[in-house]
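Student: Give me coordinates for this.
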Amino acid sequence: MSRKYFGTDGIRGRVGTYPMTPEFVLKLGWAAGRVLANDGRGLVLIGKDTRISGYMMESVLEAGLSAAGVDSRLLGPMPTPAIAYLTRTLRGSAGIVISASHNPYYDNGIKFFSSDGTKLPDEVELAIEAEMDKPMEVVGSADLGKAERVDDATGRYIEFCKSTIPSAETLQGLKLVVDCANGATYNCAPAVFTELGAEVISVGDSPDGLNINADYGATAPQQLADAVLSNKADLGVALDGDGDRLIMVDHKGEIVDGDEILFILAQAWQRENKLKGGVIGTQMSNLGLELALRDQGVGFKRAKVGDRYVMEELLKNGWTLGGESSGHIICLDRTTTGDGIVAALQVLHEVVHGGKSLYELKQGMTRYPQTLVNVRLQGKVDLQEKIITDAVKEVESELSDQGRVLLRESGTEPLVRVMVEGRDDKEVARLAEHIAGAVKKVAEKLGSF
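Tutor: Next comes the predicted model:
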């Protein structure tokens, strides 16, 4: 069945514009409460990132849940993976995250976790959508849901993160720069690394409701690279606005993306006989990752783009390590969703345990030049139009077996993403622009550009 409201990562949009309006989110809270309370527990945890609209969305979600007779626990600003973890440990029926992840402050979104701390199954999301189409009915006053704040949520999550590496492990002697993107990790990420003994320099740790992801974090790692060099740090850790992405920087100021992090962990876990199966990447994962893992005798499979699809493949194959180039890293033997802090700790464990720098650990994987062109649209474009398919065939013919083409619609923004990968960066850029030009021609013809 097609979805009416939910995308690949919940519901997202510009605040004040449908569906990110107070009226819609109130009804969404009520509909979710009606569906999620059916297991007899009726307790939902609500967390948010630091964008200013989170206050409004939190209030109306709480009201909607209460109207459905469901209790809520308010966690305040917390990383997305923390909400998944706390939903599990506090035995909630579900967890709700108010966040638009890496998007600017004027966007926001709502996503859900099940009682197990995983993304909601499709059938549950469809059940919530079905409730949205019904008139809103409020339970009797005696049955209204109650709301309470969880005062120790941050401390609980900090202790969980620390527990994902050996209890005797210390980060003493390491000098780290930690970039919190002025987002949800500002009050926990520096504490995790400090409590483990590292010398921590924090940046992007002063959220004001408007500066989330602005020039800081996993989507803008150059600030981190500059800070690592200027502070002569051993490495840097960049998280995104809701804390589920990780990008790192080595001591030379070189950016280490999600593919390289997966390579580092896969290589280490295989050496220690801890790797279960192989690695799940996505259609966007660099060809260099696939080839490097093959050289190590590690299996590799590609999922559709989106961490929920990586998770699906992990569960289907019984594997425990997967992720995306963008920095969503899932360590399924330690947590139930992508977690930037937890993934960073696994890499830091290898730095300490193996006595090698981050720069040395990433050696063995050679990245293929990859160009991504985003074509912003006003409406839908059929990617099977002949102009577009002919352009793709031309490019694939030129690349032969020395590269890849990927053309897809974004699941979170009105974009068509054109990715071309090959051995020569200038040639790759030219070929990507060729396909993007074909998409623009079709869009202009349809009035969608």
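Student: going forward, measure contacts between C-alpha atoms and count neighbours the same way
Tutor: OK.
Student: Can you list the low-confidence ranges for the stretch 251-400 of the chain?
Tutor: Along the stretch 251-400 of the chain, segments meeting pLDDT under 70 are nowhere present.
Student: What about residue 398, how many residues nearby?
Tutor: If you count neighbours by other C-alpha atoms under 10 Å, residue 398 ends up with 13.
Student: same question, residue 272
Tutor: 9.
Student: how close does it get to residue 234?
Tutor: Distance check for residue 272 against residue 234: by C-alpha to C-alpha, to the nearest Å, it reads 24 Å.
Student: cool, and residue 21?
Tutor: Taking C-alpha to C-alpha, one finds residue 21 at 44 Å from residue 234.
Student: So between these two, which is more surrounded?
Tutor: Per other C-alpha under 10 Å, whichever of residue 21 and residue 234 has more neighbours is residue 234, with 21 against 17.
Student: what pLDDT does the more buried one get?
Tutor: Per-residue pLDDT puts residue 234 at 98.
Student: for residue 240, what are its contacts?
Tutor: Residue 240 sits next to 101, 102, 180, 181, 183, 213, 217, 218, 219, 246 when contact means C-alpha atoms under 8 Å, 6 or more residues apart in numbering.
Student: Might you calculate how far the lengthiest helix in the chain sits from the centre of the chain?
Tutor: Determined from DSSP state H, the single longest helix within the chain is helix 425-446. Distance of helix 425-446 from the chain centroid (C-alpha atoms, centre = their mean, to the nearest Å) equals 27 Å.
Student: And for stretch 351-369?
Tutor: So, by C-alpha atoms, centre = their mean, the centroid of stretch 351-369 is 23 Å from its chain's centroid.
Student: contacts for stretch 338-356?
Tutor: Counting by C-alpha under 8 Å, 6+ apart, 80-81, 161, 164-165, 169, 171, 189, 237, 239, 243-246, 261, 264-265, 268, 307, 323, 327-331, 357-358, 361 sit against stretch 338-356.
Student: where do the helices sit along the stretch 101-250 of the chain?
Tutor: 122-132, 153-162, 189-195, 222-230 (DSSP state H, counting those that start in this stretch).
Student: can you put these in a markdown table and add mean neighbour count, mean pLDDT and distance to residue 202?
Tutor: Shown next, in a markdown table, are these (neighbours: other C-alpha atoms under 10 Å; pLDDT from 0 to 100; distance: least, C-alpha to C-alpha, whole Å):
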| stretch | mean neighbour count | mean pLDDT | distance to residue 202 |
| --- | --- | --- | --- |
| helix 122-132 | 16 | 94 | 38 |
| helix 153-162 | 18 | 98 | 16 |
| helix 189-195 | 21 | 98 | 7 |
| helix 222-230 | 20 | 97 | 10 |
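Student: I'd like those as JSON lines, with distance to residue 292 appended.
Tutor: Listed next are these as JSON lines, based on distance: least, C-alpha to C-alpha, whole Å:
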{"stretch": "helix 122-132", "distance to residue 292": "34"}
{"stretch": "helix 153-162", "distance to residue 292": "29"}
{"stretch": "helix 189-195", "distance to residue 292": "30"}
{"stretch": "helix 222-230", "distance to residue 292": "25"}
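Student: Just tell me which of those ends up closest to residue 76.
Tutor: helix 153-162 (8.5 Å; C-alpha to C-alpha).
Student: Put the alpha carbons of that closest one into CSV.
Tutor: Extracted in CSV, the C-alpha atoms of helix 153-162 (Å, rounded to 0.1, in the frame of the first residue of the first chain):
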residue,chain,number,x,y,z
ALA,A,153,17.4,10.7,30.7
THR,A,154,20.8,12.2,29.7
GLY,A,155,22.6,10.3,32.4
ARG,A,156,21.0,7.0,31.5
TYR,A,157,22.0,7.4,27.8
ILE,A,158,25.6,8.5,28.7
GLU,A,159,26.1,5.3,30.7
PHE,A,160,24.6,3.2,27.9
CYS,A,161,27.1,4.7,25.4
LYS,A,162,30.0,4.0,27.7
